[in-house]
Structures are given as C-alpha cells and as structure tokens.
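>>> Below are the sequence and a predicted model; questions follow.
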Amino acid sequence: MQYPKFRHGTLPIKVYECVGEPDTVSAGDGRRFLVKLKVYLLDRPGSLAAFASLIADHDGNIGFFHYDRSIDANRVAVEIQFADQPHIDAFVHALTEKGYAFDRREVETDEIAIVSLESILEITVRLENRPGTLAAFAHLLKQHDANVIYMLYDEDIEPESADIALATEHADEVDRLLGEINAQGYHYRVRYRGSGETEVEHIIGLKMVEKFFLRLRKLLGDKDVQEVREIVNSSHAIHSDLVGFYSEAGNNLDIADTYSNVLALASTSLSNVGERFRATELPSLRFGDVELQSFRLPTGGNMFIFRHGDELTMFDTGYGLYYDDVKKLLRDKSLEPARIRRLFVSHADADHAGMSGHFKEEFGCEVVMHPSCAGVIENENRAHGTNSKLLELHRYYTRLVNGFTRCRFPKDVRYFSISAVGMIGQFNVIDRFRVGDLEFLVLESHGGHVPGQVFFFNREYGLWFTSDYLIDLNSLSGKDREFLTIARYLMTSTNNNSAIFGEEMAALRAAVSENDAELAQQGKHARIFPGHGEYYAWK
C-alpha cells in the first residue's frame with residue numbers, strides 16, 4: 001500500500017490515499033482514503049453517538065476509535081475509511097458546520113462526575129465491521145443516558161470487537177441497559193460490573209479524582225462525599241493538586257495506599273464539624289499550680305490546654321476546620337480562648353498546627369515553633385529541606401491536606417532557639433520555657449517524621465509530649481482503626497525517613513525509661529502525652 005499524506009486545507013485532518021484490495025468502502029478501482037483526526041467532544045452522554053452518527057451519515061467506516069476520559073475528558077482519536085474524496089469533503093464540511101473542535105479548548109469545567117462504583121459497567125461487545133455499527137450502539141447507550149468513559153476499537157487488533165467502559169446516572173439503569181443489549185442481539189462479555197468491594201485502580205477511563213472519591217465513599221456517606229466533591233469542583237488548585245498527587249503516587253506504588261488513605265482521613269474531617277463535632281475529653285491532671293486538660297479531636301491530633309492563674313497555654317491545635325467547634329468546646333469547659341496567651345506547636349502538619357493561625361488572628365496569642373517549620377509552611381511541603389525521594393509526593397500531600405482541612409498558619413511567629421544548650425539522651429535541648437511553675441525543655445528531633453519536629457519535656461513530673469511518636473495503639477478504638485485508620489497510617493510512610501524515625505523512637509524510649517527510673521525513686525512515673533490517642537503512664 002502507498003500512503004501519500006496531505007492535510008485537508010487548514011484543518012488538522014490527515015488523509016491518506018491507499019491502493020489495495022477492494023473492500024466494503026473501496027471505490028471500484030480498489031482505491032480508498034483513510035482519514036485520521038482528533039476531535040474534542042463534550043464529556044456528556046450522547047456526544048460519542050452524535051459524532052459516530054455523523055461518520056455513518058457520510059458512509060465512513062471506523063477502523064480505529066479511542067477515547068479515554070482519564071487522559072482527556074474531551075479528546076477522541078479516530079481513523080475512518082472513505083470511498084472517495086467527495087465523501088471526505090462532505091464529512092469535513094459537516095464537522096465544521098456543527099462546530100466540532102480540532103484543538104484543545106476549554107470546552108467545559110473538568111468536574112467530578114462519577115462517584116458510584118455501582119453505576120459503572122465495562123464490556124467487550126461484538127460490532128460488525130461496517131459503516132454505522134458503532135453509531136447504532138452509541139445511540140443505544142444514549143437512550144439509557146450512559147456516559148462513555150473509555151472506548152477502544154482497532155480493526156488491526158480485533159476487527160469486530162470493541163472494549164467499552166461506561167457509567168449511568170443511576171445504578172439500576174445498568175440492568176436495563178444490559179437487558180436492551182440482550183434484546184437487540186448483541187454478543188458481549190461483562191468485564192466489570194460495579195461493586196462496593198472492588199478497588200477502582202483498574203477501571204479504565206476513570207479520572208484520578210474520581211478514583212479518590214470512589215475510595216472515599218467507603219468512609220463517608222453520600223451527603224459527605226457530595227460536600228467534598230463540591231469543594232474539589234470549585235477549587236482549581238485542589239483539583240490540580242489531586243491529579244498531581246495521584247500521578248506522583250503512581251510512581252511510588254509501595255506508599256500510594258498509605259498516602260491515599262491519610263488524604264481520605266483528612267477529607268472525612270469535613271463530616272465532623274458543627275452538630276456532628278465530638279471531642280473526647282481526657283481526665284484533667286494537676287501539677288502544682290498548673291492544671292492540664294487534654295482533648296482528642298474527631299480526626300485530628302490531640303490538643304492540650306494548661307490553666308495557670310488567669311492564663312491559658314496550648315500545645316498543638318488540630319485541624320483548622322474545627323476552629324469554631326473548638327472555641328465553643330473550650331468555652332463550655334470554662335476555658336475562654338481569649339485567655340490563651342501562648343501556643344506551642346510540635347510540628348507544622350495540619351492536624352497539629354492547623355488552627356494556630358486562627359487563634360493568632362482572633363486573639364493575638366503568641367505562636368512558637370521550630371524555625372524549620374517556616375520552610376515547610378512557605379513551600380507547602382512537609383519534606384522541604386530534606387533529600388526525600390518522595391519530595392514531590394509530600395508537596396501534593398501537604399497542599400491537599402491543608403486545603404481540605406482549612407489549615408491556617410500565623411503570619412507572625414516566634415521561633416525556638418536552635419543552639420544546643422544540653423542533651424537529653426540522643427536529643428539536643430535547644431530551648432526552654434515555663435508554664436506556670438513547670439519548666440519545659442524543647443528537644444529537637446532528628447527529622448524522621450517531619451522537619452521542625454520538637455518534643456516538650458518536663459523533668460520534675462516526667463511529662464513527655466511526643467506528638468506522633470510513642471502512640472499507645474491500644475488506646476485507639478476499633479472504630480478509630482477501621483474508620484480513621486490513624487494508627488497504621490501515622491506510623492508508616494508519612495514519615496520523611498522511616499529509618500531515622502525508627503531510631504528516634506528507640507532513642508525516645510531510652511530517654512523516657514531513664515527519666516522514669518529517676519522518678520521511681522520518688523514513687524512517680526513518667527507520662528507520655530502523644531499527638532493521637534490517650535496519654536498513659538510509662539511502664
């Protein structure tokens with residue numbers, strides 16, 4: 001065969017004149033024409049049917065057809081055989097008359113459309129290799145408002161077989177569609193039919209953001225998923241970051257599940273505000289003239305409030321979206337937020353520092369953190385300044401979690417000193433401060449979890465505020481483990497360097513054990529106040 005190429009006028013349509021054996025669309029002398037083009041359609045039910053019908057109306061026979069909305073929700077690549085040049089001219093004229101786009105343009109907002117596995121169907125269907133066959137089947141799909149999310153037909157691979165993935169608006173429409181396909185005598189094989197128990201990664205044609213939402217439905221009710229969906233659809237930044245996040249996670253499959261579920265955990269927090277906000281108050285403790293009250297927030301980190309005289313001091317805050325609920329909680333407990341004069345942050349993750357900016361802006365309290373937190377905050381990357389191989393994944397993860405949970409950092413911060421003034425075990429003591437009569441030492445981590453991580457330690461009473469280290473997993477309920485999955489995900493790949501993190505855990509245990517041995521002589525024990533779960537006495 002000979003394939004002399006030329007463009008059709010100024011349109012990006014390639015036409016090849018082929019010389020070969022006659023077939024169903026060949027001219028009598030054995031000549032035929034192959035047209036290749038890319039066209040951009042609306043991502044709506046019926047779009048492909050209209051386009052395929054236009055081809056059939058001009059006696060075109062499709063030899064190749066590819067559409068994958070996970071790559072581009074509007075682009076179709078197609079090869080069509082025509083008998084002669086007049087048919088091509090008429091077809092091209094019809095395309096331009098009907099306003100089909102040949103270059104990428106903003107046809108529509110790229111919204112999340114599919115959030116139900118039960119409405120998805122993948123089939124391989126037999127379609128005769130003749131003009132109009134694909135159009136007829138596409139019209140059948142249109143009658144059931146089925147939106148094609150993936151279609152591949154290639155006559156060089158399988159001349160009478162097409163792979164099609166589609167989604168209906170309602171799950172029960174899949175049954176009616178299959179019944180109609182049967183009634184019209186099509187031969188087909190079901191490759192996938194939606195199930196809530198099935199993972200979504202293999203489903204061809206799903207956008208990355210839709211895969212996230214299909215996972216999220218396992219944790220949230222439909223109403224809550226809809227709220228998150230509206231946030232993503234209305235925020236170009238979050239939508240873009242979510243796509244980037246999943247693209248980057250695809251390059252690191254060993255940790256993709258961990259990050260996906262931690263991200264899902266952050267978004268579930270949206271369903272725990274207002275009337276559904278529930279915080280667990282742990283028993284208060286007294287140390288001299290200082291009273292400590294501890295609260296476990298629904299999906300965020302623990303929050304610690306010290307009452308000393310007329311002043312309050314806070315360690316860590318939880319997610320920013322809980323700010324109004326936390327203010328009400330504190331007032332209900334006779335802890336007026338305006339009396340919080342200082343707020344010490346263990347590290348710049350959203351579940352520990354997300355409210356810090358809110359408190360600073362409304363009440364003017366002083367916010368104190370490690371200077372390395374500045375780089376994390378400014379660059380929106382919890383791995384900033386490290387050589388982590390997952391640097392880009394951390395960036396997307398940080399931006400998404402911060403966005404979903406309405407994290408707000410303060411513009412004006414006081415930083416701890418970073419000059420070592422001593423050591424506790426293997427950790428540098430870089431600063432100290434007082435809360436009433438209690439003196440706290442600031443211990444600098446080695447960066448295994450996140451840059452700028454610090455621990456707060458009071459030697460006299462053996463008080464260790466360890467944030468995401470030394471968590472008592474047994475204090476997490478079955479609901480926490482199943483629904484929030486905090487334990488698993490906070491203890492694995494969200495660490496910048498898991499090897500260093502493990503070494504830090506061992507060093508912390510050794511330091512706590514040494515302190516506990518000193519206290520034992522006074523009949524006391526060290527206590528651990530982790531960032532998640534309940535506080536506990538060292539054993």
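Everything's here; your move. Here the structure is a predicted model, which is why all the values come from computation and not from measurement.
>>> Pretty sure R307 sits in a strand.
Yes - applying DSSP: H, G, I helix; E, B strand; the rest coil, one finds R307 inside a strand.
>>> okay but it is in contact with L335, surely?
Yes - between R307 and L335 a contact is recorded at 6.9 Å, counting by Cβ atoms under 8 Å. To be clear about C-beta, it is placed using only N, CA and C from the backbone, and glycine gets the same treatment.
>>> Mutual contacts of the two, please.
Q293 (Cβ atoms under 8 Å, 6 or more residues apart in numbering).
>>> Show me what the longest helix seen in the chain is packed up against.
Across the chain, the longest stretch assigned as helix under DSSP state H is helix 498-520. Judged by 3 or more Cβ pairs under 8 Å, 6 or more residues apart in numbering; DSSP states H and E, helix 498-520 is in contact with strand 427-435, strand 463-467.
>>> Mind checking those strands for the one nearest to H347?
Smallest distance to H347 across these (Cβ to Cβ): 6.2 Å, for strand 463-467.
>>> Below-threshold pLDDT in the stretch 1-150 of the chain: ranges please.
Confidence mapping of the stretch 1-150 of the chain against pLDDT under 70 gives the ranges 1-10, 19-31, 105-110.
>>> tell me the strands in it, going along the chain?
Assigned by DSSP state E, counting those that start in this stretch, the strands in the stretch 1-150 of the chain fall at 5-7, 13-19, 31-40, 61-68, 75-82, 120-126, 147-154.
>>> so the second one versus strand 75-82, what angle?
Strand 13-19 runs at 30 degrees relative to strand 75-82, counting by axes from the mean of the first three to the mean of the last three Cα atoms, to 10 degrees.
>>> Tell me how many other residues crowd R296.
R296 sits with 22 neighbouring residues when counted by other Cβ atoms under 10 Å.
>>> Let me see the contact set for it.
R296 touches 279-280, 282, 302, 532-534, counting by Cβ under 8 Å, 6+ apart.
>>> Now restrict those residues to buried residues only.
Among the contacts of R296, those that count as buried by neighbour count (16 or more other Cβ atoms under 10 Å) are 279, 282, 302, 532-534.
>>> For whatever helix or strand comes next after the longest helix of the chain, which helices and strands make contact with it?
Remark: after helix 498-520, the chain's next helix or strand is strand 527-530, criterion DSSP states H and E. On a contact count with 3+ Cβ pairs under 8 Å, 6+ apart, strand 527-530 meets strand 302-308, strand 463-467, strand 536-537.
>>> Give the buried residues for strand 527-530.
For strand 527-530, the neighbour count (16+ other Cβ under 10 Å) marks 527-530 as buried.
>>> same thing with stretch 332-339?
335, 337, 339.
>>> how near is H525 to S513?
11 Å (Cβ to Cβ, to the nearest Å).
>>> again with R189
For R189, the distance to S513 (Cβ to Cβ) stands at 63 Å.
>>> hmm, back to that, please say which of H525 and S513 ends up with more neighbours.
H525 (17 against 13).
>>> tell me the contacts of that one?
H525 makes contacts with 462, 516, 519, 537-539, as judged by Cβ under 8 Å, 6+ apart.
>>> how's the protein carved up into domains?
5-193, 208-272, 274-537 (automatic domain parsing).
>>> between those domains, which one is nearest to V200?
Judging the domains of the chain by Cβ to Cβ, what sits closest to V200 is domain 208-272, at 4.5 Å.
>>> and the end-to-end length of that closest one?
25 Å (Cα to Cα, to the nearest Å).
>>> circling back to that earlier point, looking at the strands of the stretch 1-150 of the chain, spot the one closest to L177.
That would be strand 120-126 among the strands of the stretch 1-150 of the chain, by Cβ to Cβ, at 7.2 Å.
>>> Next, the angle from the closest one to strand 147-154.
30 degrees.
>>> Using CSV, write out every CA atom in strand 120-126.
Listed next in CSV are the C-alpha coordinates belonging to strand 120-126 (Å, rounded to 0.1, in the frame of the first residue of the first chain):
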residue,chain,number,x,y,z
ILE,A,120,-20.0,1.6,36.2
LEU,A,121,-20.0,-1.2,33.5
GLU,A,122,-17.2,-2.5,31.4
ILE,A,123,-17.9,-4.8,28.5
THR,A,124,-16.4,-6.2,25.4
VAL,A,125,-19.0,-6.1,22.6
ARG,A,126,-19.1,-7.6,19.1
